[in-house]
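Asker: Turn this into a structure:
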Amino acid sequence: MSQKLHKSLRNLREKRNITQKEIAQKLGMSRPSYISVEKGKKELSLSEAQKIANIFGIGLEDLKTGTIPNFDKYKEMILLFLRFSELNSDGKLPKTKLAKLLYLADFSWFYENMQSMSGMQYRHIKYGPVPDSYFRALDELEEEGRIERDNKEEVILISENESSKKLELKELAKAEINLIHKIAKKWKNKKTNEIVNFTHNQLPYKVCLEGEIIPYELIIQEDPNHVY
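Answerer: Numbers count the residues shown, from 1 in each chain. The predicted model follows:
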């Protein structure tokens, strides 16, 4: 496990309002042992690493690299895409299309600013680039009463609950919101297979093998007209 992660664990734990004792209990170790982990004096086993990744709501790959994504911002990105009425007249989005829109937002932001919007790590899978924590984000938003899932003809549609729309999105900057709006407008009348084909043919996805984490830096080599 990287030294970078050891330095990040305390901040991440405190942001989640979780005590060292609670983390230690979930990992099945003593509090002093967990303190040693935060200080970089003790390594985590693979099973412990997976448990702590689940506790913090991040992917195992994020834990290995020490790159801690802004999971709360990622969930707000999901809600913002659902709020833009241009996407769909009934306010619903197919789960796969939503995943691709999030990818375009993160990689387009990196193209313009040399950093990801959310910090999520996207993996090359059969249906396109997606973070390991995408499905966890949807689960949490549903548990919080902010989204609904509707199974229709084997397609899972995502929509934001009316009560959720009244809540402010605090993690996203104005420029980030503007970029998400541009992406939403471009893809508003496009079918899921169109955005899937678009992302599949982008350089970052094409040059990576199935299962690999897609480096953000690859988007810099993409044709400017093919970033989103």
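
Asker: To what extent is Glu168 buried, counted in neighbours?
Answerer: For Glu168, the count of nearby residues is 5 (other CB atoms under 10 Å). From N, CA and C alone the C-beta is placed, and that goes for glycine too.

Asker: Please apply the same query to Lys174.
Answerer: Residues near Lys174, counting by other CB under 10 Å: 7.

Asker: what does the one 5 residues further on give?
Answerer: When neighbours are counted by other CB under 10 Å, Leu179 registers 20.

Asker: Report the buried residues of the host helix or strand of it.
Answerer: For Leu179, the enclosing helix or strand under DSSP states H and E is helix 174-186. For helix 174-186, a neighbour-count test (16 or more other CB atoms under 10 Å) marks Glu176, Leu179, Ile180, Ile183, Ala184 as buried.

Asker: excluding its backbone neighbours, what's nearest the last one?
Answerer: So that's Ala184. Phe84 (4.1 Å; CB to CB, 6 or more residues apart in numbering).

Asker: thought the one you found was touching His181?
Answerer: Yes - Phe84 lies in contact with His181 (CB atoms under 8 Å); the separation is 6.2 Å.

Asker: Now find how far off-centre the lowest-mean-pLDDT helix or strand in the chain is within its chain.
Answerer: The weakest-scoring helix or strand in the chain, judged by mean pLDDT, DSSP states H and E, is helix 60-65 (a mean of 71). Helix 60-65 sits 13 Å away from the centroid of its parent chain (CA atoms, centre = their mean, to the nearest Å).

Asker: Kindly report the same for stretch 158-165.
Answerer: Worked out by CA atoms, centre = their mean, stretch 158-165 lies 19 Å from the chain centre.

Asker: Stretch 59-71 too?
Answerer: With CA atoms, centre = their mean, you get 10 Å for stretch 59-71.

Asker: cool, stretch 143-151 as well?
Answerer: Centroid displacement of stretch 143-151 relative to its chain, using CA atoms, centre = their mean, is 17 Å.

Asker: If we go by neighbour counts, what in it is buried?
Answerer: Buried-residue list, stretch 143-151, by 16+ other CB under 10 Å: Arg146, Ile147.

Asker: what's it in contact with?
Answerer: 78-79, 82, 92, 95, 138, 141-142, 156-161, 163-164, 167 (CB atoms under 8 Å, 6 or more residues apart in numbering).

Asker: can you rerun that using 10 Å?
Answerer: By CB atoms under 10 Å, 6 or more residues apart in numbering, the list of residues contacting stretch 143-151 from outside reads 75, 78-79, 82, 90, 92, 95, 137-142, 156-161, 163-165, 167.
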